[in-house]
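A.B. asks: Build me a model:
(chains A, B, C and D)
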Amino acid sequence: MPFIPHTDDEVQQMLQTIGANRIADLFDEIPKELLIDDLRGVPDALSEMEITRLMRERAARDGSPLCFIGAGAYEHHIPSVVWDITTRGEFYSAYTPYQAEASQGTLQTIYEFQSMITSLTGLYASNASLYDGASALAEAALMAVRSNRRNKSRRVLLASGVNRTYRKVAEAIAGSQGLTFDELPLEQATGVSDLNALSAEGDAPVAVVIQQPTFFGTLERIDEITNWAHAQGALVIAVVNPTSLSLLKAPAQWGEQGADIACGEGQPLGVPLSSGGPYFGFMACAEKLVRQMPGRIVGRTTDLDGKPGFTLTLQAREQHIRRSKATSNICTNQGLMVTAATIYMSLLGHGGLQQVALRSEERTRALLQRLTAIDGVTLVFSGAHFHEAVLQLPQAVAPLLDKLAADGILGGYDLSVEYPELGNALLVCATETKTDADLDAYATALGRHLAND
Amino acid sequence: MPFIPHTDDEVQQMLQTIGANRIADLFDEIPKELLIDDLRGVPDALSEMEITRLMRERAARDGSPLCFIGAGAYEHHIPSVVWDITTRGEFYSAYTPYQAEASQGTLQTIYEFQSMITSLTGLYASNASLYDGASALAEAALMAVRSNRRNKSRRVLLASGVNRTYRKVAEAIAGSQGLTFDELPLEQATGVSDLNALSAEGDAPVAVVIQQPTFFGTLERIDEITNWAHAQGALVIAVVNPTSLSLLKAPAQWGEQGADIACGEGQPLGVPLSSGGPYFGFMACAEKLVRQMPGRIVGRTTDLDGKPGFTLTLQAREQHIRRSKATSNICTNQGLMVTAATIYMSLLGHGGLQQVALRSEERTRALLQRLTAIDGVTLVFSGAHFHEAVLQLPQAVAPLLDKLAADGILGGYDLSVEYPELGNALLVCATETKTDADLDAYATALGRHLAND
Amino acid sequence: MTEALIFEKSRSGRRAYAQAPSNAAASSIPQNFLRTDQPCLPEVSELQVVRHFTRLSQLNFSIDTHFYPLGSCTMKYNPRACNTLALLPGFAGRHPLGPDSHGQGFLESMYELQEMLKAVTGMQGVSLTPMAGAQGELAGVAMIRAYHMARGDTGRTEIIVPDAAHGTNPATATMCGCTVRELPTDADGDIDIAALTAAVGPKTAGIMLTNPSTVGVFERRIMQVAKIVHDAGGLLYYDGANLNAILGKVRPGDMGFDVIHMNLHKTFSTPHGGGGPGSGAVGVGKRLLPFMPLPVVGRDGDSYRWLREADLPQSIGRLSGFMGNAGVLLRAYVYMRMVGRDGMRRIAEFATLNANYLQARLRDAGFRLAFPKRRASHEFIITLKGEAKSLQLTAMDMAKALLDHGFHAPTTYFPLLVPECLLIEPTETESQEALDRFVDAMISIVEEARLEPGKHKNAPFTMPVRRLDDVKAARQLDLAWQQD
Amino acid sequence: MTEALIFEKSRSGRRAYAQAPSNAAASSIPQNFLRTDQPCLPEVSELQVVRHFTRLSQLNFSIDTHFYPLGSCTMKYNPRACNTLALLPGFAGRHPLGPDSHGQGFLESMYELQEMLKAVTGMQGVSLTPMAGAQGELAGVAMIRAYHMARGDTGRTEIIVPDAAHGTNPATATMCGCTVRELPTDADGDIDIAALTAAVGPKTAGIMLTNPSTVGVFERRIMQVAKIVHDAGGLLYYDGANLNAILGKVRPGDMGFDVIHMNLHKTFSTPHGGGGPGSGAVGVGKRLLPFMPLPVVGRDGDSYRWLREADLPQSIGRLSGFMGNAGVLLRAYVYMRMVGRDGMRRIAEFATLNANYLQARLRDAGFRLAFPKRRASHEFIITLKGEAKSLQLTAMDMAKALLDHGFHAPTTYFPLLVPECLLIEPTETESQEALDRFVDAMISIVEEARLEPGKHKNAPFTMPVRRLDDVKAARQLDLAWQQD
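C.D. replies: Next comes the predicted model:
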């Protein structure tokens, strides 16, 4: 019996204490017709040796291609320390720290995480994490509606560079509460929001969402949009890449008053790509909004002896206390990922994180230089980019990506499905992990495939 | 500066406290002509990201071939728990437990290890490990000489199945103290020592070494040899495979009086093959010999409050106390490997270890059945085998092994170099890790290569 | 033992240098986009980081160090192999938008996971995408809403929830734009059928139930409940928090449930991680198949692919940026394969055995059961109402005192309807000795309180901190470290 | 906090079932070879194993949790990447007798490691095979013996060793069949040159030295020492225990040493592991090249292979069953590549800076230095002779009291020639704050002893156990658990 310690003798003793003859008796309150005999559909048990062999074969089948895809999840070097410490049993197998005195390790880690996120965003408070970047935006939109009571609108206006998947997720999650989402038009030359469209806006939205850097890797005019939104009585939600915050203006510094809420995908901070999760969403907000924030929040307080300690706080916002009136239904969040991110940020420090950002930006420029040297490949948007950019290809994107994949190169994210108006557009990304040889390999393969057609 | 925490300010403060101007001043007692400027021959530093990439590429180059080599190191399944726990910083980065009160984790682990080894061997005491199986035999031989003062001989007699490399190591280590090593002849039909040769023996050896199972996987007549040795006034040293001890007679049960010393290679107990190390040697002995044992020994005692606790004991045997009169020069041993082995044995228990042994034996039989079904391939020795056996091939072994290696199959250990008298002899091994498909793959490839020639 | 904040160990200019890439050329980003201040991330060495977080970890209780009998949380052993295998480079390094051709090993595992989850729940379809139980609930209620809407049955906006339900249930209903109607629990822990009959009607979207319920007993009239709700046009939602109790014995699909979420971090032993990540995969009956959240893994012959919008046009949509907590799903997959067909049933059996044994031993030791006439499921409730009055030993005090005895506390003050309650769930992976020692600790705490009533008001005494001031924490908010 | 023995948690018939292979057919081995009793390995569940050893680990001090200023042991930070990369499946799974064709990645790394070690030591050849420092010493002395024998110089059987040397030095000489001649140390920690001159002669095989010496100072007349020994026909052996102090600054080869062992687990930061595995690679000058222990990695063009007997016919032979502690060597290789050329020198510089700073601070705080006129190398000695007499505070008491302050104790009572001594080595990876806190702890212990002389006789007070009875341990041997 894998993982079950009972010996036959013990089972007999225990049944005797209970006053039952057989284990089956313990299920005697269940209507007989519901009891099943056998579980077709679940195979026989494998030993750890057998499952290890199976999973190693499957993982090896998936290989380790050279990856130039970004589009919301980014390959960065993850120091060995991060997961060595994060998977220590005391972090890995602990529960949500309801018993604060027996959970100071997790609680202090979260407090340190919150401190780092507030410092990166410049905002007052951070929560202990949400599921991922996309669902964090949904929660931020709901939070904006709760917070902005003067504004009766339930319309949220998105800058043109907000990840379309994030919009879909926000619609799926917040749509039932009547929130609607509109998108500003894209300025074709620069790849950021067309500010001229702002004057055409009718009813003031309840919130404006600005993603920086944009989904296309371009840099949005954050100050102008933030000021406009505040002038309309809308709250501003910043969707930001945490690596970029070591370099780019903090959301609290956007425009005259700063963004009100910042959120985003925490994956770049030491979390493996892992087919899309587990990642974590982060969220920070201005002081006046803290009681509308969803999710767990840790505070520092004192114990009976006056010594400092940490505990979950502002629980009156949460579902286990407030039930149907809670700020969100979120309960379990992404604790372990936050532990990893806190260790990652501690190892890198401000300087190290900035070097990752700078190096990624430089690598992307170096990649673009090589790829746009190929006949027919051009850069779509002018202006500065962070570590992603859109290329125009002389052929359909999908078949080219298949050919590159056969070479062991994942060439980027095919924009032509979601943005047909951009033509044969490919979103490419290079982080600090890419060497000159890697960039050359990509350029050579792409050049070859284009020349062969 | 990787791994060095000092900031420039701190360096200045520290120098001021010392009363030095520059760090270079701290080396002013060293003759100037000895100071070097630059270290040619050491490349520039790599970041963790860079070295990770390099080592991943190198490890991938070495691949994961299907391995049928044994010959003293055995591929067994190692449960994930073993190295997850063993590499916890508190075990991994601790020193030898000289400060017992701050090292109870390591000390109790070693005490539990010693308990397991004494139980497996049936002997009175175990030490905390030696470097590996081969050097353990050298230490055992020296220990026998120290212990067996009545017998002035320095000649050690080896049964025919003792690993020849072990003999070489024993000669290299113990030879300087005048020990010599002789080998009993091999009985060609059975692959164990020719007992007829015992009567031809002249001067009584100081010790007789019996390896069980033998290097050829056969089973030695341990009772007869043990009794003969004791009758001659020689001590008996058992060289044993710890996995096999779950099945085979414990050294303490050999013959009328039992072996006096048991030692062997601990690698099968949860230690990765890892190109040959780090492994660990184990050693156990009868009560009368304990003060002649080399290496660290942990004992249970009590503290000031009478509570039980663990500490290094019998240190008067050791080099840091006894200096030139110590039982050995050993200091650092293989502590972490012992931690791994203790966890491995705890997970498996007696029953699990026995299943590993039985399954390995069965897999080897299944392999032999498949391989001897190939034309010209025969089993060399009659009688029972543990999880290794010698095959006679119709062709030279080395070129065949090369062809198999090109198929990703490591076909075994080529005996024809060390034992030319055995002809085209190949030592093969299959442990519990091998599936029917693995065995078939080997048989198919070998059949194909033999048929093609 | 406490640990200074990592920020207090920071020195300007210190760095874990092996961890940063070589210096890059200056950025090409115009000045107006750049930040002018420097965020306060700590500047510490690699050793300082290792030492800090290693020591912090040691301040935690966890399954790997302590018995953790937390009700409704299923704190069972998390097999190490699940983690090791999910972190194999081929899995951990795979980009979520990588082509299916470079993900067949992963996708095949996910497909088989879906199939196994269908088998153990008796449902017709499974989507793995929800990232936690609460998101699974949201998906479930959203599907119920979508179902009614698709039929033009637009007035069904009420969700019925027992008063003892998890807080996520009513909170989820609200998030889905529904209103909540609470249902009383009867003295034996069952649903009040009369109240249910009165509650259902044309506004009923559905009912959310946990079975065994949050009071630790199996709802015996579940078939009757299902009939009442279905007859009224509503659907039944199964909150899988207690699925561990019936695994391989009874299937929610057979009880009449239309949709279920599973907490893979409970029943299928993926780690709780100090508060996540979880995974809230949803299973659906035939009626809700078209509405499953995206993506779902489909199979074409021998190859596997993600089903997207075009495949499931009526889907409630996407709930995550990519495809949910894939790495958690891999861990659950490995766990289910290691437990296997027979092991599934044994999980429920031995979890139930342990709970009933612990219940019997505590009852025999004089503790008062909340539902003494009932079998425990995999958990049960005792009430310290008596001890609180006579010995000044509240549920909170007992919880803190247990920490001093080396046990994590059970769940306290939930469900709300039982005063001074402890909800105790031992799980199947604990040994009889562990349970016995827990009983010994409970008894000795009561003995201590008899000698000195109120003594445990100040517990715990042996933790890194004493009892913490929660009121101060909420009033004088200190949520982030500030540089002086 | 202590932990019961794993055997006490055992129950007959319990098992970590996921870890055993499926039941095998009965053995074909005849009965007379089989054991009839059942060895007492514990029968416990996987969770019990995890919990037991996790809790045991927490009872340890370690570099990852505590400052560990153990003299002569170089307890510096062990970078995690070294372990991770050495355990990559391609490396960890490689059979030692696998063909060179399936080991080029490993062999190339080993070849480069040999080259780097030659570079930092100034030697002509390196063999990686010795499995610990003491085995490196054995290899070194055996090579010295083999050299003399090969020249027919058979009478050279004396090894000269300073009185302050590590115990392994004389013990090794004995193991190599030599006799030991001890040399006094002068008041400033240098070798007594007159005594050396008197000691050398036709019996001299060689001298074993550590430089900086075990008293923590650099032997200033090393060139003179080398000349005296060489002129007498002997060779010089360098004990690499203190190599960290001079890395990248001075090379033993340049000082005139003929052979050196390196403790890779000290200088090159492979883990100490609670007592190993170490690695004692040896480097040799030109005269000893033919005698290196096997195997050694050789290079043929772009490919690498193990050199065996045929390649080095005069080799002293093999010291391990395969090729030494390969996995440790991989860790050292990764470490050296991460530190790099400039980093090597910085190791010596900052280790020396830390030692001299700590020495200055302790001196200023009133502690008595054993060699006050000397620079510290990477370590230094203080003597508590005064405190032992006036405050009943011995070196042992100070060591135990430091544990209560959260510091591992320095090395005590070594070298033997300094009474009541503490040998303190902070290493380069500790921060100034850590050193300052250590000084604070030393001062406060002395203050406590002033208030209450003899107080620390009973230290430590806060460890899992109080001070242990070593005499009882040795007299009433309890070396293994016995089933009742």
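
A.B. asks: wait, what's in contact with the residue sitting nearest the centre point of chain A?
C.D. replies: By Cα atoms, centre = their mean, the mean C-alpha position of chain A lies nearest to A:Glu265, the distance being 2.6 Å. The contact partners of A:Glu265, by Cβ atoms under 8 Å, 6 or more residues apart in numbering or on different chains, come to A:Gly72, A:Ala73, A:Asp132, A:Gly133, A:Ala134, A:Ala136, A:Asn241, A:Pro242, A:Tyr279, A:Gly281, C:Gly321. For every residue, glycine as well, the C-beta is placed using N, CA and C.

A.B. asks: cutoff 7 Å now
C.D. replies: Contacts for A:Glu265 were tallied using Cβ atoms under 7 Å, 6 or more residues apart in numbering or on different chains; they are A:Gly72, A:Asp132, A:Gly133, A:Tyr279, A:Gly281, C:Gly321.

A.B. asks: The fourth one against A:Leu269, yeah?
C.D. replies: No - look at A:Tyr279 against A:Leu269 with Cβ atoms under 7 Å: they stay out of range, at 9.6 Å.

A.B. asks: returning to that earlier point: for the contacts of A:Glu265, which one is nearest chain D?
C.D. replies: A:Tyr279 (22.0 Å; Cβ to the nearest Cβ).

A.B. asks: distance of the closest one from A:Leu142?
C.D. replies: Distance, A:Tyr279 to A:Leu142, using Cβ to Cβ, to the nearest Å: 20 Å.

A.B. asks: more crowded one of those two?
C.D. replies: More crowded of A:Tyr279 and A:Leu142, by other Cβ atoms under 10 Å in any protein chain shown: A:Tyr279, with 33 against 23.

A.B. asks: so which strand or helix has that one?
C.D. replies: Using DSSP states H and E, A:Tyr279 sits in no helix or strand.

A.B. asks: what's the pLDDT at the residue lying closest to it once chain neighbours are set aside?
C.D. replies: Using Cβ to Cβ, 6 or more residues apart in numbering or on different chains and skipping residues adjacent in sequence, the residue nearest A:Tyr279 is A:Gln267, 4.0 Å away. If you check A:Gln267, the pLDDT there is 98.

A.B. asks: Can you verify my assumption that A:Gln267 contacts A:Ala73?
C.D. replies: Yes - using Cβ under 7 Å, A:Gln267 makes contact with A:Ala73 at a distance of 5.5 Å.

A.B. asks: Looking at the two, which one has more neighbours?
C.D. replies: In this comparison of A:Gln267 against A:Ala73, neighbours counted by other Cβ under 10 Å, the higher total goes to A:Gln267 at 31 against 28.

A.B. asks: got the contact list for the more buried one?
C.D. replies: For A:Gln267, the contact set (Cβ under 7 Å, 6+ apart) comprises A:Ala73, A:Tyr74, A:Tyr279.

A.B. asks: Relative to A:Ser47, which of the residues you listed is nearest.
C.D. replies: Distance to A:Ser47 across the contacts of A:Gln267 (Cβ to Cβ) is lowest for A:Tyr279, with 31.8 Å.

A.B. asks: For whatever residue of the stretch 251-400 of chain C ends up closest to chain D, give me its contacts.
C.D. replies: With Cβ to the nearest Cβ as the measure, C:Met338 is the residue of the stretch 251-400 of chain C nearest to chain D, at 5.3 Å. If you count contacts by Cβ under 7 Å, 6+ apart, C:Met338 has them with A:Pro2, A:Ala45, A:Leu46, A:Glu48, A:Ile51, C:Pro79, C:Ala81, D:Ala18.

A.B. asks: quick one, strands of the stretch 351-484 of chain C?
C.D. replies: Assigned by DSSP state E, counting those that start in this stretch, the stretch 351-484 of chain C shows strands spanning C:368-369, C:380-383, C:411-412, C:421-424.

A.B. asks: Could you pick out the residues of chain A near chain B for me?
C.D. replies: Taking Cβ under 7 Å from any Cβ of the partner chain as the contact definition, chain A meets chain B at A:Glu48, A:Met49, A:His77, A:Pro79, A:Ser80, A:Arg88, A:Thr433.

A.B. asks: Quick one: mean pLDDT over the longest helix seen in chain A.
C.D. replies: Assignment by DSSP state H gives helix A:335-372 as the longest helix of chain A. The average pLDDT within helix A:335-372 is 97.

A.B. asks: Quick one: low-confidence residue ranges for the stretch 151-300 of chain C.
C.D. replies: By pLDDT under 70, the stretch 151-300 of chain C has no low-scoring segment.

A.B. asks: got the residues of it near chain A?
C.D. replies: Contact residues (Cβ under 7 Å from any Cβ) of the stretch 151-300 of chain C with chain A: C:167-168, C:170-177, C:180, C:218, C:220, C:223, C:248-251, C:254-255, C:265, C:271-278.

A.B. asks: how far away is the residue lying closest to C:Asp436 once chain neighbours are set aside from C:Ala441?
C.D. replies: In space, C:Asp436 comes closest to C:Arg361 once its chain neighbours are excluded; the distance is 7.3 Å by Cβ to Cβ, 6+ apart. Going from C:Arg361 to C:Ala441 by Cβ to Cβ gives 12 Å.

A.B. asks: Please apply the same query to A:Pro185.
C.D. replies: For A:Pro185, the distance to C:Ala441 - Cβ to Cβ - is 66 Å.

A.B. asks: still on that earlier bit, which one of the contacts of A:Gln267 is nearest to chain C?
C.D. replies: A:Ala73 (5.5 Å).

A.B. asks: The closest residue to C:Thr427 other than its chain neighbours - how many residues pack around it?
C.D. replies: Leaving aside its sequence neighbours, C:Thr427 sits nearest to C:Lys76 (Cβ to Cβ, 6+ apart; 4.0 Å). Neighbourhood size, C:Lys76 [other Cβ under 10 Å]: 27.

A.B. asks: do the same with C:Val225
C.D. replies: The tally of other residues near C:Val225 (other Cβ under 10 Å) stands at 24.

A.B. asks: how about it, what does it touch?
C.D. replies: C:Ile191, C:Leu196, C:Glu219.

A.B. asks: Please repeat the previous calculation with a cut-off of 8 Å.
C.D. replies: Contacts of C:Val225 were listed using Cβ under 8 Å, 6+ apart, and they are C:Ile191, C:Ile193, C:Leu196, C:Ile207, C:Leu209, C:Glu219, C:Leu236, C:Gly256.

A.B. asks: Just the buried ones from the residues you listed, in PyMOL syntax?
C.D. replies: The PyMOL selection below is limited to those of those classed as buried (16 or more other Cβ atoms under 10 Å in any protein chain shown):
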select buried, chain C and resi 191+196+207+209+219+236+256
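
A.B. asks: So which of the contacts of C:Val225 is the closest to chain B?
C.D. replies: C:Leu209 (37.3 Å).

A.B. asks: mind listing the strands for the stretch 51-200 of chain A?
C.D. replies: Using DSSP E, counting those that start in this stretch, strands in the stretch 51-200 of chain A cover A:66-67, A:125-126, A:155-158, A:180-183, A:186-187, A:192-193.

A.B. asks: Let me have the contacts of C:Met338 in CSV, adding secondary structure, pLDDT and distance to D:Ser12 as columns.
C.D. replies: Output for those, formatted as CSV (DSSP: H, G, I helix; E, B strand; the rest coil; pLDDT from 0 to 100; distance: Cβ to Cβ, whole Å):
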residue, secondary structure, pLDDT, distance to D:Ser12
A:Pro2, coil, 91, 19
A:Ala45, coil, 96, 23
A:Leu46, coil, 97, 26
A:Glu48, helix, 97, 23
A:Ile51, helix, 98, 28
C:Pro79, coil, 98, 24
C:Ala81, helix, 97, 26
D:Ala18, helix, 92, 19
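
A.B. asks: Is there a quick ChimeraX command that grabs whichever of the residues you listed are buried?
C.D. replies: In ChimeraX, this line selects whichever of these come out buried by 16+ other Cβ under 10 Å:
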select /A:2,45,46,48,51 /C:79,81 /D:18
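
A.B. asks: Now for A:Gln369, how many residues are close by?
C.D. replies: 12.

A.B. asks: sorry, back to before: can you redo the contacts of C:Val225 as CSV with secondary structure and distance to D:Ile6?
C.D. replies: What follows is the contacts of C:Val225, written out as CSV (DSSP: H, G, I helix; E, B strand; the rest coil; distance: Cβ to Cβ, whole Å):
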residue, secondary structure, distance to D:Ile6
C:Ile191, strand, 47
C:Ile193, helix, 52
C:Leu196, helix, 52
C:Ile207, strand, 49
C:Leu209, strand, 43
C:Glu219, coil, 42
C:Leu236, strand, 48
C:Gly256, coil, 48
